[in-house]
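# A predicted structure for the sequence below; I have some questions about it.
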Amino acid sequence: MQNLFVFNNALSNRLKRALGYATFVWVADTSLVLVAFFGMGAILAKSDLLRLAVMLAGGLVVLLMGWQTIRAAHATQLNPTTSGSQTTKKVFLSAWMVTWGNPQALIDTSLMFGALRATLQNNEVWFFIAGILLASATWFYGISAVLSVVRQRLPRKFMLWVNIISGGIIMVYGAYLLLAASRLLFKLI
């Protein structure tokens, strides 16, 4: 969901604004990585009830985000002037939502980074974190720069189909999370 968010902003805005918006995503992603690496993974791994709550709430949020992605793709196609007209505040909040409102990111990042932290010596931790944060910045700024530069050369329907397909995939994942949550619930009962 973060990548789709960055794609849309890079294709809808001038390079300077797209890079600014990529900064919002990078900061949100950085906060998630740091929280996951330094403790949230252990909490989620030990608490089935918390994991269940994250999956239930997250599944609903992801379904809604997928549906909104598809609706926004159609609205932008019908009225192209709506593209790129979001306020900075809305983009900032959306960047945090696609990061922290994504249960897949919360669970996978927490468990993966929690496990990775256990394999590192104390003197290796900061090099590892610095590498992760640098890779994240390179990815989000790189996507923004490349797409912002080539946006005029892409067919107009390109992002329509990227958003429709991505929205569908996101909705399927939301349904999967709800199914996984129901399985966990039955296991707990």
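The structure has been received and is ready for your questions. Note that this is a predicted model, so its numbers are computed, not measured. Numbering: from 1, shown residues only.
# Could you report the neighbour count for the closest residue in space to residue 5 that isn't next to it in sequence?
Distances taken as CB to CB, 6 or more residues apart in numbering put residue 98 closest to residue 5, at 4.8 Å, once the chain neighbours are dropped. The way it works is simple: take the backbone N, C-alpha and C, and place the C-beta from them, glycine included. By other CB atoms under 10 Å, 22 other residues sit near residue 98.
# I'd guessed residue 98 sits against residue 25; true?
Yes - contact status for residue 98 versus residue 25: in contact at 7.4 Å, counting by CB atoms under 8 Å.
# For the two, list the residues in contact with both.
Listed contacts common to residue 98 and residue 25 are 2, 5; contacts here mean CB atoms under 8 Å, 6 or more residues apart in numbering.
# coming back round to it: contact partners for the residue nearest to residue 5?
Contacts of residue 98 by CB under 8 Å, 6+ apart are 1-2, 4-5, 25, 28, 65.
# Which of these has the largest number of neighbours?
residue 25 (29 neighbours).
# May I have the residues that are in contact with it?
2, 5-6, 95, 98-99, 140.
# do residue 34 as well
residue 129.
# in the helix or strand harbouring it, what counts as buried?
Assigned by DSSP states H and E, residue 34 belongs to helix 15-35. The neighbour-count check on helix 15-35 (16 or more other CB atoms under 10 Å) flags 17-30, 32-33, 35 as buried.
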